[in-house]
Every structure is written in C-alpha cells, then in structure tokens.
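Peer 1: generate coordinates for the sequence data below:
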Amino acid sequence: MSMLRSRAFRSIRVCSRCSISSRLAPVTSSKLITRTNSTIAPREIKPFVPKNGPRAHHGPRAKITHEIRDLSSALEGQKVVVAGWLFSQRRASENLHFFTLRSSSTSVQLVSRLKETSHDVMGWPLESVVLVEGVVKSRKAKAKIETKPVDEIEIDLSNVTLLNPADAQLPFYPNRPEIANEDLRNQHRYLDLRRAELAENLKTRSKVAHIVRNYLHDNGFLEVETPILLNSSPEGAREFLVPTRSASADGSPTFYALPQSPQQPKQLLIASGAIPKYYQIAKCFRDEDGRKDRQPEFTQIDLEMAFVDGSAPQAGKDGMRSTWNIGGSQIRQIIEGLVKKIWKDIKGIDLEGWFRVMPYDVAMDVYGSDKPDTRFEMYTLPIGYYPTLSDTSLDKILLDQSPSTVEFMIVPAHQAEGLDIPSLARSSQSIDYVKITDKNIYTWQNESVLTAPIGLEQDKALPAGVKPGDVIWVSRRKKIAEGGWTHLGRLRAQISEVLISKGLINLPSNPHFLWITQFPLFTLADEDKAQLSKGRYSSTHHPFTAPMFEDLEDLKKGKIDGVRGQHYDLVLNGQEIGGGSVRIHDAELQEWVMKEVLQLDDQEIGRFDHLLKALRFGAPPHGGIALGFDRLISILTESKSIKEVIAFPKSGTSGFDPVFKSPSLSSNEILKEYGLISLNSNFNQKEKIEKS
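Peer 2: Residues are numbered from 1 along each chain as shown. Below you'll find the predicted structure:
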C-alpha cells in the first residue's frame, strides 16, 4: 500500500499545472509526455531487436579471480576465473578442442572436453570478449616458446561466457603475423592497440611517467599544472589558435593560443618564489608538418629550477665539469640522474659516469650535425684537418679570409663497396666525391671541382691519409657553423642508415648520451622559425636564453654573431631528446634582446609584459629543460616512430586524426559566433542552398 502511495505521489508531481483528475489518472501510453511549450513531439521509439547470431551477456556473471599474466604452475588444481579476447580455435577431435585466450600482455591455452561448450566457442568470432571458468593444469604439450610461467599451464574449461561478440569479419586481426597496412590500422587504432607491441609500448610509457614523478618528487620538485589556453607570443614555431566568442572592443575576433611549451608559465612560477623546483609532464602544441619523430601535439617532461649556476662550475671531486663551460650544472645533474634511473628500471642497464659534453662548434666541425650519432667512426672535418697537407697549403687555408671552407669525409673501401655512390651523389647538388686509386692517393684534391681551385698540395713524405678503394666526399660550408646540419653531416647520417641495413657496420648496444652546449645565441639559419622571423635574427633556442658570461659584453656591444648561449641539448644515438637553458633573469637585458636583437615591435614585446614585470619584481637566477617524452619512449621501446608510443597519434604531414576525423569543418552559423567567416565561396554557397 505504501508503495502505491509513493508512486501516486510521484505522478502528482509530474506537472503542477495539470488538473487533479489528470494528475491521478493512470499513464497508459508508452510514448513520452511532451512539454506544454514544445511544438515538436519526440518520435516513437522502436523496440530493440537483436541481430541473429551470438549475443552479448548482460546480468550476473562469475567474478574474475586472476589476470592471465599471473597464472602459473603454482595454481595447479585450483579453479580460476579469467577474462580476455578469443584469439584462436582448434578442433583436435570430436571430444577435444583447444582455444587461446589473450589479454593485453599474454595468452593462455584453454582445453575443452565439453561437447556443448566446444560447439558454442567454435561458433564465436575471433576477438570476442569471453569469461572463462576452469581448473589450472600442467600443460602436457609444452609451448613452442616458453618465456612466462603461464606458458607452462592450461585451463581445463568448466564454463565459458560470451561477454561481447566481435563482428564476424573485422578490418584486420591485430596479432596475426601479417600486419595490415598503416592507413587501415590508423583508422581503427582501437583495434590496432590490441597488438602486443603497441600495448607494451603504452605500458612502458606509463612506467616511465611513474618513475619520472617519483624521482622528481624525491628530489624536491613540485608538480604544477600550467594553462593550456594562453596568449599568442612570437617564441619560435607556428602556434595553434583557438577562437573565442568574446570579441574585442572594435568587434574583431579574439583568440587563445595553445602552448608550444609551458616556457613562460614555468618561469613565472619560479619568479613567484613559491615554487623553487617545478616539473610537469606537459602537453604541447606546434602547428608544423608531421615527421617521423614529430606531430602537432606532443608531450614533454618539463622542469625549472631557481638559483642555478650562471657560469661554469668549479671542477669538483666528482669530475662533473668536464667541458661543461656554462651554467645550469644543477639541471645537468638532475637530468642525468633521472635518465640513469629510467634506464636501470626499464632496461636493466647501469649508465656509469657523467655523460659526454661537446660544444656546438666541435660537433659541427667533426660530425656535421648538432645532434651527432657518435656510435660509429666517420667524421666530417674542415679541409685544413686533412693529415697530409703541406705546410704551404696549411698556411694558405689559415690566411684565407673567405666566409666559407671545404669539409671532407672519408668512407673506407670496405664500406664504400656496399654503397651506390652515384645515387648518393645525386641526392645533393652541394657535394662531390673522388674515388681513391693507386695513382691519386696524394693528388685526389685536384680531381674535385670544390678542392681543385684552392690549389692544395699534399706532403708525400707523410703517410697517406687514404687507401685505394676509399671514397672522399667534399662539400662547401660556412666557416662559422650555423643551423643543425652541414651537407656532409646529412650525408653521413644517410650513409650510416644504408651501412647498418646491410650489416656493414654494427652499432654498440649501449646508449651514447651526449650534451651539446654553447650554441650560437641567435641564428639566421633556422628553417622552422623563418615564417615568424621574416629575415630577422631569431633565437636559436628561445628569446629567454642567457648568453655565456664570457660573451655578455660582446652582446651588449651588439657584436652578436659570435655570442654563445647557455643552451644545452641532450642527444641520444643521434636524436635530440631534450633541450634547455639558463634563462635571462635581468629584465633590462631581456627587453633589450627582444627589442634590439630580435627586432620585435611594441605589440610583440607587449605579449611578454607579464614576464618582464615578473623579472623586475625580483626573480632569482633560474634555468630549466624539457625532455621529449614521446621520443624518449620510442627509443626505449626501439620503435621506428613516436606514433607507435602514442595511443591515438595524428597521421601524415597534415596532422589529420584518422580515428576522430579531426580537424573538421564548421558551419558558417557556428563560425559567426566567433566572429569568423569561411573564405571558401563554394562552402558559403552550399550553406545558402541548404537553408533555402
């Protein structure tokens, strides 16, 4: 009776405007009651009619007792309940069937001697989700490859529940030897993620993030989230703009910008004095073409510290200084400790000693790259370093006042035999080569269009610098290195890939970490920043990087070409995995750099007003770094691309998301809310037709 009264009371409260009789009248229609002010009634809802075939399970089911990865011979004789995906089906006889149940990390063999159960499971599509009940038994026929305890056992089935059937035909089957093409896999990324390799990559990513947080927390760093919606600022690469519905005073549309990095927020945190050591695993965005190791959105381990050194540290007992002739040694110490912790916990490798340090100009002179792979011997050197040049030729090179020089690189005969030399030469119009024979060991320089005009001679009294069969590559480059590559530096990387693929060079298994320091503070040779700099100087790193103390006076005098920055990149096996710097903490110097060197206008400088004020209010000397998290994980997992360690990556050079189909179009009606209109006349005409 009380239940009936409760229902009646609830029905009375449905609509206070209704009459008493209607309030108390029983509801007999299955249709929804429409609101009195509504002009459109909802359509009738059709009943759910399941398709023919296996159906998903709803309602009570056995509770899972174990993960598949935790099964072992120690559980023999015990009843277990596990769940996973149906991977394979095999009929051994009328009364014996074998199945494989797979989880995200491993699989287990199922044995069925139940005729009805076997018949049901044989009819279920592969990749269906099932719940298995059975008894653990020692496996009679051992697995071909036993790598885990679960490989030693099997489950004797007592009951199987189909939790959710897969479609009878899937676009592809993720864990089969034949791998579907990349475009198809990207469209169905949620299915591709069932591949064991990708699943393990995401687990490694999670483990590394956990290590990072614990390590930095234990070293006194505080995790702070910084804004995603910021103001646009001319820091370097092109930004993503986010339109808003808030117009300016004159009606112009206004925009947020997605951060290229949390650079300004983290400097403000340090300037506040509240956060002496900051870190964040941060999402960052750059509107640039996708590459193997880049995409529009990426993740970095971002950190900043107050009171870092502003010049080279004193040589200590630990021998830390090495050639670290800049400030920021505290950053170096923290990062090397973090990297060593990651490699120990993930790879089981102890990285001993301090990482090698190399100034930028040395890296460019010796390897032709600001991120050299030092695992193999092949060097790009200015021609003045050729070992058998005569004294007269050396004097000629030293007295040469031209802004450029010739660099050379020797490929030994046993490696040159495996290369298509003419094809490599055609890859760049800026390089030339000479094949060494018995006759030209001391005269090869006269056979190249790049070295012959210089009129160099070799001292035949000295041992020859090459042997018959060797190939010498030559190219012209600026004497004062700029940018990230020389022509031979790129060729060196290209040749190494070919030699590695053919087994002509074997790289050591231990990782080669290398700090590159003392970059030029400003550059005219950064293609990625050319769109914003418009022929002006741009910062090699970013506008907030401090000059080396030794070069500060030259900077103040406007002699900026030779000014080096306190900028440091961490390189691993030829890939940059992080970069940072000591920051300018002097507001006057910072504003002068922006105005006089970078030639930012008042409006552009105004976008940094908050940072300049923070520096004026008493900011401590500080510095930081950001490690590319995606790239780091791809190296740890030996993946070919960062896309293999990101759950839902963008594809191609356009940054298109094949799963969520973004970016996508919006109608003019929506664009108008943001003060925008499409420039596509066909798009506008189509909208008008649809409305009419």
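Peer 1: what about residue 583, how many residues close to it?
Peer 2: 30 (other CB atoms under 10 Å). Yep, even glycine has a C-beta here, placed from its N, CA and C like the rest.
Peer 1: show me what contacts it?
Peer 2: 267, 544-546, 621-624 (CB atoms under 8 Å, 6 or more residues apart in numbering).
Peer 1: just residue 674 next, same as before
Peer 2: 243-245, 253.
Peer 1: and the residues you listed, which two are the farthest apart?
Peer 2: 245 and 253 (9.0 Å; CB to CB).
Peer 1: who has more neighbours out of the two?
Peer 2: residue 253 (17 against 9).
Peer 1: look up phi and psi at that one.
Peer 2: phi -70, psi 150 (degrees, to the nearest 10).
Peer 1: ok, it touching residue 242?
Peer 2: No - using CB atoms under 8 Å, residue 253 is not in contact with residue 242, being 10.9 Å away.
Peer 1: any shared contact partners between these two?
Peer 2: By CB under 8 Å, 6+ apart, no residue touches both residue 253 and residue 242.
Peer 1: isn't residue 305 up against residue 623?
Peer 2: Yes - the criterion here is CB under 8 Å, and residue 305 meets it with residue 623 at 6.3 Å.
Peer 1: tell me, what's touching the two both at once?
Peer 2: Common neighbours of residue 305 and residue 623 (CB under 8 Å, 6+ apart) are 330-331.
Peer 1: so which of the two has more stuff around it?
Peer 2: residue 623 (32 against 25).
Peer 1: related to what we said a few turns ago, between the contacts of residue 674, which is nearest residue 485?
Peer 2: For these, the nearest to residue 485 is residue 243 (37.4 Å; CB to CB).
Peer 1: per-residue confidence for the closest residue to that closest one other than its chain neighbours?
Peer 2: Spatial nearest neighbour of residue 243, chain neighbours left out: residue 674 (3.9 Å); criterion: CB to CB, 6 or more residues apart in numbering. Note for residue 674: predicted pLDDT of 92.
Peer 1: also residue 472?
Peer 2: Looking at residue 472, its pLDDT stands at 98.
Peer 1: identify the bridge partners of it.
Peer 2: residue 410, residue 434 (DSSP bridges).
Peer 1: which residues are in contact with it?
Peer 2: 408-411, 433-434, 436, 444, 448, 466.
Peer 1: make it 6 Å
Peer 2: Residues in contact with residue 472 (CB atoms under 6 Å, 6 or more residues apart in numbering) are 408, 410, 434, 444.
Peer 1: also residue 438?
Peer 2: Residue 438 neighbours (CB under 6 Å, 6+ apart): residue 468.
Peer 1: can you pull the phi/psi pair for residue 70?
Peer 2: The phi/psi pair for residue 70 (degrees, to the nearest 10) is phi -90, psi 0.
Peer 1: which SS state does the closest residue to it other than its chain neighbours fall under?
Peer 2: Among residues not flanking residue 70 along the chain, residue 150 sits closest, at 7.9 Å (CB to CB, 6+ apart). Here residue 150 is recorded as helix under DSSP: H, G, I helix; E, B strand; the rest coil.
Peer 1: swap in residue 590?
Peer 2: Applying three-state DSSP: residue 590 is helix.
Peer 1: residue 304 too?
Peer 2: With three-state DSSP as the criterion, residue 304 reads strand.
Peer 1: for it, which non-adjacent residue is spatially closest?
Peer 2: Residue 304 sits nearest to residue 624 (CB to CB, 6+ apart), 3.5 Å away.
Peer 1: could you do residue 451 as well?
Peer 2: In space, residue 451 is closest to residue 445, 4.2 Å off (CB to CB, 6+ apart).
Peer 1: kindly report the same for residue 378.
Peer 2: Residue 378 sits nearest to residue 492 (CB to CB, 6+ apart), 5.6 Å away.
Peer 1: tally of neighbours for that neighbour?
Peer 2: 24.
Peer 1: that one belongs to a helix?
Peer 2: Yes - when three-state DSSP is applied, residue 492 is found to be in a helix.
Peer 1: check which element follows the helix or strand of the chain with the lowest mean pLDDT along the chain.
Peer 2: Scoring the helices and strands of the chain by mean pLDDT, DSSP states H and E places helix 20-24 at the bottom, with a mean of 39. Past helix 20-24, further along toward the C-terminus, the next helix or strand under DSSP states H and E is strand 79-93.
Peer 1: what packs against that next one?
Peer 2: Using 3 or more CB pairs under 6 Å, 6 or more residues apart in numbering; DSSP states H and E, the elements in contact with strand 79-93 are strand 96-102, strand 129-138.
Peer 1: and that strand, which strands flank it?
Peer 2: strand 96-102 (antiparallel), strand 129-138 (antiparallel).
Peer 1: how close does residue 588 get to residue 596?
Peer 2: Per CB to CB, to the nearest Å, residue 588 is found 12 Å from residue 596.
Peer 1: hmm, I was thinking of residue 468
Peer 2: 56 Å.
Peer 1: how far away is residue 265 from residue 328?
Peer 2: 20 Å.
Peer 1: same deal with residue 278?
Peer 2: Distance check for residue 278 against residue 328: by CB to CB, it reads 15 Å.
Peer 1: what does residue 416 give?
Peer 2: 42 Å.
Peer 1: list the beta-bridge partners for the nearest residue to residue 134 once chain neighbours are set aside.
Peer 2: Computed as CB to CB, 6+ apart, the closest residue to residue 134 that is not its neighbour in sequence is residue 155, at 4.0 Å. According to DSSP bridges, the partner residues bridging residue 155 are residue 110, residue 136.
Peer 1: mind putting the helices and strands packed on strand 79-93 into a markdown table with mean neighbour count and mean pLDDT?
Peer 2: Below are these laid out as a markdown table (neighbours: other CB atoms under 10 Å; pLDDT from 0 to 100):
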| stretch | mean neighbour count | mean pLDDT |
| --- | --- | --- |
| strand 96-102 | 19 | 97 |
| strand 129-138 | 19 | 97 |
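Peer 1: quick one: the strands in the stretch 151-300 of the chain, in order.
Peer 2: Per DSSP state E, counting those that start in this stretch, the stretch 151-300 of the chain carries strands over the ranges 153-164, 222-223, 241-243, 255-257, 277-285, 297-306.
Peer 1: packing partners of the longest helix along the chain?
Peer 2: If you go by DSSP state H, the chain has its longest helix at helix 196-218. Here helix 196-218 touches helix 329-342, going by 3+ CB pairs under 6 Å, 6+ apart.
Peer 1: for the very next helix or strand once past the helix it packs on, which positions count as buried?
Peer 2: As assigned by DSSP H and E, the chain's next helix or strand after helix 329-342 is strand 356-359. Residues of strand 356-359 classed as buried by neighbour count (16 or more other CB atoms under 10 Å): 357-359.
Peer 1: average pLDDT across the very next helix or strand once past strand 356-359?
Peer 2: Later in the chain than strand 356-359, the nearest helix or strand by DSSP H and E is helix 360-367. Helix 360-367 carries an average pLDDT of 97.
Peer 1: after helix 360-367 comes which helix or strand?
Peer 2: Helix 360-367 is succeeded, C-terminally, by strand 380-382 (DSSP H and E).
Peer 1: residues in contact with the next helix or strand after that following strand: which ones?
Peer 2: Using DSSP H and E, the helix or strand that directly follows strand 380-382 along the chain is helix 391-399. The contact list for helix 391-399 (CB under 6 Å, 6+ apart) reads 384, 456-457.
Peer 1: mind doing that once more with 10 Å?
Peer 2: 382-386, 389-390, 405-406, 445, 454-459 (CB atoms under 10 Å, 6 or more residues apart in numbering).
Peer 1: outline the domain layout of the protein.
Peer 2: Recorded structural domains for the chain (assignment: the TED database) are 73-164, 200-336+536-644, 376-507.
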